[in-house]
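J.: I would like to see how this sequence folds:
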Amino acid sequence: MPTSSFDTFFACTIIVAAALIGMAFLSSTMQTRIDSTQEINKDSYLKAIADHIVTNPGSPTEWGTSSALPDDFGLASSLSNSAFELDMDKICRLNRLNNYSLSYIDLARAAKLNTALGIEISPLMTVNVVQSGNSSVGMDTSFTFQISASIDSKPTSTSLHCYLVADTYLTEVNASIPDIGVGQVSVQIPTSKIENALLIAFARASFDERITTVVVYNFGQSTQELIPNSTNLALSPLNYVLSFNDTGLRFLNGTVFSYSYQHQLPSPSGSKTAIPQLLDKSPLVIVVQGLNGTKHFQEWTTYPQIPLKIGADFDSSEQNIFSYIVTVNGVLYRLDLSLGDLSQ
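T.: This is a model prediction of the structure:
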């Protein structure tokens, strides 16, 4: 049967339409692949930047030990052969409570980035201290604390070494947290010294001594402190020297604590004193006693000064997070390094 002109036109139309659909599909597929490749390239580029910051000591390599600004930003320790060993002094210089801290502008300039930067360092193990009871007998008050420990929200067993510090009063308590992740510690303190008392609780995971966390409970504030509540002296550890503000407050004495050890600070020279180097896989807590007129006070800081969170807030911009398990002075921490989208 002969084919009509209409049938021929209809067939051609179908062929053209199919070709156009095929071209559109091919174009869409190619664009998807291009976008995907660009995204992979961007992620790889940002990951390379993050890796450089974590594994590079920067320039000068010991920029953390003084007030000098780095020419190139890197957090790695130049004294270690380990791939993810960070320099504790470089971390301290990122803490806003430290007298030698870098501004975000200085940090961004040294990092030479065309994107926003955020840095967060936290203990690998989370420890919480909650007062569960107290009672007074005579001139003393007894306190009971519930202490919990977890890693990635999973309960973990730990050994505890706690120091109770109040003026000239110092006592130690050893305990443990079982597999359920919750334990109990009881301490007794002269009632007259409660206002300035601190409970320094070191917790060490039973399966790895490098997982050691310290928390400080302030009796006067009835709460656990992540950072010091009182900062009149602006205690600033750097290169195993403790600097503090010479504000007219009288520095009486100080003690440095680790999980296993404690040691008195030497008498200060001016507004500085040496920090004894305790050979322990542990963060350090430094407690200073002083007088404000006739009123006694205590202030504390940690060395390194962790937890730490600095940089952009990313509220209105893209945030690309790169997470690492790092070592600082023999202790394992979690580092989250955030980078924004690349500037066009």
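
J.: how close does Ser338 get to Leu94?
T.: 14 Å (Cβ to Cβ, to the nearest Å). For the C-beta atoms, the positions are set from N, CA and C on the backbone; glycine is no exception.

J.: Spit out the residues that contact the two alike.
T.: Ile119 (Cβ atoms under 8 Å, 6 or more residues apart in numbering).

J.: quick one: Asp43 and Asn320 touch, right?
T.: Yes: the pair Asp43 / Asn320 is scored as a contact, 7.2 Å apart, by Cβ atoms under 8 Å.

J.: Quick check: the residue nearest the centre of the chain vs Ser153, distance?
T.: For the chain, Ile121 is the residue whose C-alpha lies nearest the centre (Cα atoms, centre = their mean; 2.5 Å). Distance from Ile121 to Ser153, counting by Cβ to Cβ: 19 Å.

J.: And for Thr213?
T.: For Thr213, the distance to Ser153 - Cβ to Cβ - is 15 Å.

J.: who has more neighbours, these two?
T.: When neighbours are counted by other Cβ atoms under 10 Å, Thr213 comes out ahead of the other of Thr213 and Ser153, with 25 against 7.

J.: Which secondary structure element is home to the more buried one?
T.: strand 212-218 (DSSP states H and E).

J.: tell me the angle the helix or strand harbouring the residue nearest to the centre of the chain makes with strand 212-218.
T.: Taking DSSP H and E as the criterion, Ile121 maps to strand 117-123. Strand 117-123 runs at 90 degrees relative to strand 212-218, counting by axes from the mean of the first three to the mean of the last three Cα atoms, to 10 degrees.

J.: Which secondary structure elements does strand 117-123 sit against?
T.: helix 104-111, strand 308-311, strand 331-339 (3 or more Cβ pairs under 8 Å, 6 or more residues apart in numbering; DSSP states H and E).

J.: picking that back up, have a look at Asp43 and Asn320 and say which one is more surrounded.
T.: Asn320 (19 against 12).

J.: hey, where'd the strands end up in the stretch 151-300 of the chain?
T.: Ranges of strands in the stretch 151-300 of the chain, per DSSP state E, counting those that start in this stretch, are 154-155, 158-166, 169-177, 182-190, 198-205, 212-218, 223-225, 236-238, 241-243, 250-257, 262-264, 272-274, 284-292, 295-303.

J.: how about those strands, which one is nearest Lys90?
T.: strand 236-238 (9.9 Å; Cβ to Cβ).

J.: Any chance you could list what contacts that closest one?
T.: 64-66, 89, 92-93, 97-100, 242-244, 275, 284, 286, 301, 303-305.

J.: go on, stretch 85-95?
T.: 54, 57-58, 63-65, 74-79, 98, 100-102, 107, 119, 121, 236-239, 303-306, 308, 310, 326-329, 333, 335.

J.: one more time with 6 Å, if that's ok
T.: Here stretch 85-95 makes contact (Cβ atoms under 6 Å, 6 or more residues apart in numbering) with 64-65, 75, 77, 98, 100-102, 238-239, 304-305, 308, 310, 326-329.

J.: Kindly report the same for stretch 337-344.
T.: The set of residues external to stretch 337-344 that reach it, using Cβ under 6 Å, 6+ apart, is 46, 50, 114-116, 118-119, 317-322.

J.: if we go to 10 Å?
T.: Defining contact as Cβ atoms under 10 Å, 6 or more residues apart in numbering, one finds that stretch 337-344 is touched by 42, 45-47, 49-51, 53-54, 75, 111, 113-121, 311-314, 317-324.

J.: and the residues you listed, which are buried?
T.: The neighbour count (16 or more other Cβ atoms under 10 Å) marks 46, 49-50, 53-54, 75, 111, 113, 115-121, 311-312, 314, 320, 322, 324 as buried among the contacts of stretch 337-344.
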